[in-house]
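Novice: Give me a model of this one.
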Amino acid sequence: MPTSNVFSAPFGHGTAGEVTVQVKGLKEMDAALAELAMNIQKRYMAIANREGAMVIMQYAKSLVPIRNLGHTGSVFRELVRVGKKSTKYRAPGFLKASVRVWRARKVVNYKSTIAYHVGAYGDAFYGKFVEFGTSKMGAQPWLRPALDNMWQVAVEETAWKLRDQIRKNWNKAHMAGMTYKG
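Specialist: Predicted coordinates for the structure are as follows:
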């Protein structure tokens with residue numbers, strides 16, 4: 001039965017440097033979920049955990065530093081090529097636009113956890129360099145502060161969304177002969 005919330009923040013898609021916060025509990029909702037079918041439990045937990053991850057993502061987006069335009073003030077002169085032979089370019093704000101939430105593919109215990117990642121996705125692999133810094137630039141943390149400041153709000157949002165899902169869909173489950181005491 002899905003009983004825990006996992007919010008992890010990898011830097012880039014599938015890269016190292018992952019930070020995971022795991023919160024267990026929510027006993028009242030666990031009791032209500034125990035009465036529901038397993039596929040319904042997973043669906044409700046997936047929806048609820050995504051909502052919690054979205055809270056962290058929105059705050060992280062607000063903290064992402066944006067490269068300043070040079071003296072020209074023109075976005076077109078500030079474009080940076082993604083790779084040496086690439087035809088793609090990044091403009092200031094590309095990292096901020098690349099912050100996403102996605103469902104984790106590899107989970108430690110598939111039957112009991114539904115996890116979502118929050119972080120820079122796709123060609124914004126350099127988000128980890130901005131977060132931790134390099135030998136040539138200082139760190140400008142944006143993801144870790146978002147996780148530190150918003151994890152409690154994310155857990156509350158997850159709990160609220162899960163409660164809301166159970167309440168909204170209880171009539172369907174009740175029609176199948178289940179009871180709810182919460």
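
Novice: would you list every one of the helices in this protein?
Specialist: 27-34, 38-63, 94-97, 127-132, 143-175 (DSSP state H).

Novice: okay if I get these as JSON lines plus mean neighbour count, mean pLDDT and distance to residue 114?
Specialist: Any C-beta I mention is one placed from the backbone N, CA and C, and that applies to glycine too. Listed next are these as JSON lines, based on neighbours: other CB atoms under 10 Å; pLDDT from 0 to 100; distance: least, CB to CB, whole Å:
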{"stretch": "helix 27-34", "mean neighbour count": "15", "mean pLDDT": "63", "distance to residue 114": "12"}
{"stretch": "helix 38-63", "mean neighbour count": "20", "mean pLDDT": "88", "distance to residue 114": "5"}
{"stretch": "helix 94-97", "mean neighbour count": "20", "mean pLDDT": "86", "distance to residue 114": "26"}
{"stretch": "helix 127-132", "mean neighbour count": "20", "mean pLDDT": "90", "distance to residue 114": "24"}
{"stretch": "helix 143-175", "mean neighbour count": "16", "mean pLDDT": "84", "distance to residue 114": "10"}
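
Novice: mind giving me JSON lines with these and columns for distance to residue 116?
Specialist: Formatted as JSON lines, those follow (distance: least, CB to CB, whole Å):
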{"stretch": "helix 27-34", "distance to residue 116": "18"}
{"stretch": "helix 38-63", "distance to residue 116": "4"}
{"stretch": "helix 94-97", "distance to residue 116": "19"}
{"stretch": "helix 127-132", "distance to residue 116": "17"}
{"stretch": "helix 143-175", "distance to residue 116": "10"}
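
Novice: Out of these, which is closest to residue 115?
Specialist: Closest of these to residue 115 is helix 38-63, at 7.1 Å (criterion: CB to CB).

Novice: which secondary structure elements does the closest one contact?
Specialist: On a contact count with 3 or more CB pairs under 8 Å, 6 or more residues apart in numbering; DSSP states H and E, helix 38-63 meets strand 4-8, helix 27-34, strand 99-103, strand 113-120, helix 143-175.

Novice: nearest to residue 88, of the helices of the chain?
Specialist: That would be helix 94-97 among the helices of the chain, by CB to CB, at 10.0 Å.

Novice: Would you agree residue 155 is in contact with residue 51?
Specialist: No - using CB atoms under 8 Å, residue 155 makes no contact with residue 51, being 10.7 Å away.

Novice: Residue 134: neighbour count?
Specialist: Residue neighbour count, defined by other CB atoms under 10 Å, stands at 11 for residue 134.

Novice: With residue 85 instead?
Specialist: Residue 85, neighbours per other CB under 10 Å, totals 6.

Novice: show me what contacts it?
Specialist: By CB atoms under 8 Å, 6 or more residues apart in numbering, no residues touch residue 85.

Novice: Any idea how far apart the tips of stretch 86-93 sit?
Specialist: By CA to CA, to the nearest Å, the extent of stretch 86-93 from end to end equals 19 Å.
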